[in-house]
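K.L.:
show me how the following folds:
(one chain, ligands or ions: 2)
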Amino acid sequence: MDVQTRWYIGLMSGTSLDGIDGVLANFSGQKCLVTQHASAPLAPDLRAELLALNRSGADELHRAALAANALARAYAGVVRSLLAQAGLAPEAIHAIGAHGQTVRHRPQTFDGTGYTLQLNNPALLAEDTGITVVADFRSRDVAAGGQGAPLVPAFHRGIFGQAGRTVAVLNLGGISNLSLLRPDGGVLGFDCGPANALMDHWCERHTGRPYDDQGAWARGGRPIAALLQALLAEPFLALAPPKSTGRDLFNPDWLAGHLAAAGNDARPQDVQATLAEFTAASCARELLRHAPGCDLLIVCGGGALNAYLMERLQALLPGVGVQDSGRHGLSPLQVEAAAFAWLARQCLAGDTASLPGVTGARGARILGAIYPA
Ligand SMILES: Nc1ncnc2c1ncn2[C@@H]1O[C@H](COP(=O)(O)OP(=O)(O)OP(=O)(O)O)[C@@H](O)[C@H]1O
Ligand SMILES: CC(=O)N[C@H]1[C@@H]2OC[C@@H](O2)[C@@H](O)[C@@H]1O[C@H](C)C(=O)O
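P.N.:
Ligands and ions are numbered 1, 2, ... in the order given. From the prediction side, this is the model:
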């Protein structure tokens, strides 16, 4: 490998809580080249604890600190895999960008300055790997009056933006978020609602499988019209941007409330079909609302591997080419991790990374806190 190349590692463990994605990447101008990808599932007890920490519970400060340590150790394992795959020593890596695990996201609530909390132990990660770590990317934007999310639209612009054309980029993770990249370089970006978080929960509960592979189970069900309308009436969906959300709102209790109101007698497979339709419809509606003439939707995140969901999106957006991000140079499971590698680069270069037009902050800020090697 070229010794002049500046290598970065990006680590993402997102709201679906399926595991950790890591990439090894370098950047040249607006281009991002990912040369390695490694992923690791979260150990079942850590996953269960992180899910539990999404809500108040006994002794949660102590438990959160221990979970952060365990997550940092798991991150270090992914870093070691990437280094081994690439045949690189830690000294070859300029920095790691590590997102951490979001367990609360309450921006701009309370007295006007809320908080967003990503569990992580970047000091331990730097110690374990011998590599500089950049972490805590969201809190500066929240302090500046922003949502602290989504942060990937600026990265999407650099990677997927096209001259003379509006391009939409949809991430289908635990939560869905849309970036609208205008031909003049302007960007609108916001969270749409839940993507896999509720579908995974329902699938696991009724089939024992962690997710609905290819959407096959949903495909065999029939969306329940009244339930779908009730889900689509969620006030968050109608809010104008800037807006972001998380498991704080879209959690199993939210779904249970709707199912109870509907009589609790729905067939589980039909509920899954309804959740898939809800995801597709909530995203499609936002695209039509904010970029009616757009004819290209690039989809990333694990939901891009859900063939049924992709078909439903295409059906609801007949004039739009719905395409997997792999066709545009970056495979769906690598996009967010690559974005955090890029965010680390921005931070170390002293360059801003937030888009105030997206998050609603008072201005663009340098994001992240640095833990030197
Ligand atoms: N083959 C597949 N078929 C259907 N769904 C899949 C498949 N592979 C992955 N997924 C879905 O993608 C999810 C993981 O997506 P991803 O890693 O993009 O989410 P995340 O990064 O945790 O979330 P977020 O973007 O909200 O932070 C899994 O939980 C699963 O629901
Ligand atoms: C608070 C938080 O973790 N938000 C995540 C989540 O997952 C998807 C969506 O909600 C997005 O807003 C964000 O992640 C991506 C990486 C972002 O900041 O752009």
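K.L.:
look at residue 11 and give its secondary structure.
P.N.:
Assigned state for residue 11: strand (three-state reduction, DSSP: H, G, I helix; E, B strand; the rest coil).
K.L.:
I'd like the distance between the nearest residue to it once chain neighbours are set aside and residue 371.
P.N.:
If the residues on either side of it in the chain are set aside, residue 11 comes closest to residue 98, at 4.5 Å by C-beta to C-beta, 6 or more residues apart in numbering. Placement of C-beta: from N, CA and C, glycine included. As judged by C-beta to C-beta, to the nearest Å, residue 98 and residue 371 stand 9 Å apart.
K.L.:
contacts only, for the residue nearest to residue 299 when sequence neighbours are not counted.
P.N.:
Of all residues not flanking residue 299 in the chain, residue 170 sits nearest, at 5.0 Å (C-beta to C-beta, 6+ apart). Neighbouring residues of residue 170 by C-beta atoms under 8 Å, 6 or more residues apart in numbering: 176-179, 192, 283, 287, 297-301, 313.
K.L.:
ditto for residue 323
P.N.:
So residue 323 contacts 296, 297, 298, 299 (C-beta under 8 Å, 6+ apart).
K.L.:
go on, residue 265?
P.N.:
Counted by C-beta under 8 Å, 6+ apart, residue 265 has zero contacts.
K.L.:
for it, helix, strand, or coil?
P.N.:
Assignment for residue 265 (three-state DSSP): coil.
K.L.:
if we can go back for a sec, neighbours of the residue nearest to residue 11, how many?
P.N.:
Counted with other C-beta atoms under 10 Å, residues neighbouring residue 98 total 36.
K.L.:
list the contacts for it?
P.N.:
11, 72, 75, 120, 122, 125, 133, 134, 135, 340.
K.L.:
ok, of the residues you listed, which one's closest to ligand 2?
P.N.:
residue 340 (7.5 Å; C-beta to the nearest ligand atom).
K.L.:
wait, that closest one touches residue 99, no?
P.N.:
Yes - under the criterion of C-beta atoms under 8 Å, residue 340 makes contact with residue 99 at 5.2 Å.
K.L.:
more neighbours, these two?
P.N.:
Taking other C-beta under 10 Å, residue 340 and residue 99 do not tie; residue 340 has more neighbours (30 against 25).
K.L.:
state whether the more buried one is indeed within a helix.
P.N.:
Yes - in this structure, residue 340 lies within a helix as judged by three-state DSSP.
K.L.:
enumerate every residue touching it.
P.N.:
By C-beta under 8 Å, 6+ apart, the neighbours of residue 340 are 10, 11, 12, 97, 98, 99, 137.
K.L.:
which among the residues you listed gets closest to ligand 1?
P.N.:
Once C-beta to the nearest ligand atom is applied, the member of these that ends up nearest ligand 1 is residue 12, at 5.5 Å.
K.L.:
who does the closest one form a beta bridge with?
P.N.:
residue 21 (DSSP bridges).
K.L.:
what about it, distance to ligand 2?
P.N.:
According to C-beta to the nearest ligand atom, to the nearest Å, residue 12 and ligand 2 sit 7 Å apart.
K.L.:
related to what we said a few turns ago, hey, what's in contact with both of residue 340 and residue 99?
P.N.:
11, 12, 137.
K.L.:
highest neighbour count among the residues you listed?
P.N.:
residue 11 (31 neighbours).
K.L.:
hang on, that one packs against residue 95?
P.N.:
No - here residue 11 lies out of contact with residue 95, judged by C-beta under 8 Å, at a distance of 11.1 Å.
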